[in-house]
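Participant: what's the 3D shape of this:
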Amino acid sequence: LMAYSSQGLLRSDSLPEVGEDAAATVGMAETLSEEEQDELRKELAKVEEEIQTLSQVLAAKEKHLAEIKRKLGMNSLQELKQNITKSWQDVTSTTAYKKTSETLSQAGQKASAAFSTVGSVITKKFEDVR
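Facilitator: Model prediction:
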């Protein structure tokens with residue numbers, strides 16, 4: 001993991017993987033000097049404070065966004081319809097969709113022609129029976 005140090009430099013720290021022995025983690029903390037531990041605690045407090053600040057800024061931005069949407073008369077149902085429309089447009093613009101659509105269209109045309117032919121044959125048979 002990359003960590004931001006108090007000197008503003010990036011460094012790579014080795015952290016135990018999920019599932020490693022908890023004793024190994026404790027052992028690592030014991031190998032740090034008191035000064036290094038203090039520095040890390042300060043860095044931890046600073047990062048936690050930054051996260052809290054960013055969370056507050058994000059909440060304020062989301063509130064402002066909701067207010068703008070309210071003023072524009074946009075509600076959740078309208079947004080859902082817009083999202084569905086955009087998603088459908090995204091799907092229909094894919095190469096796979098276009099190829100599938102063309103194939104189904106051709107298959108439908110062939111099926112229609114076949115039904116038409118069968119209908120003509122049946123009509124002719126009825127005429128022959130008369």
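Participant: Met74: neighbouring residues, count only.
Facilitator: The local packing of Met74 (other C-beta atoms under 10 Å) involves 13 other residues. C-betas here are computed from N, CA, C, even on glycine.
Participant: Tyr97 too?
Facilitator: Counted with other C-beta under 10 Å, Tyr97 comes out at 13.
Participant: shouldn't it be in contact with Val91?
Facilitator: Yes: assessed by C-beta atoms under 8 Å, Tyr97 is found in contact with Val91 at 5.6 Å.
Participant: And the helices in the protein?
Facilitator: Per DSSP state H, the chain carries helices over the ranges 22-31, 34-71, 76-92, 95-129.
Participant: tell me the mean pLDDT over the second one?
Facilitator: Just to be clear, that refers to helix 34-71. Mean pLDDT, computed over helix 34-71, is 95.
Participant: Please point out which parts of it sit buried.
Facilitator: By 16 or more other C-beta atoms under 10 Å, the buried positions in helix 34-71 come out as Leu40.
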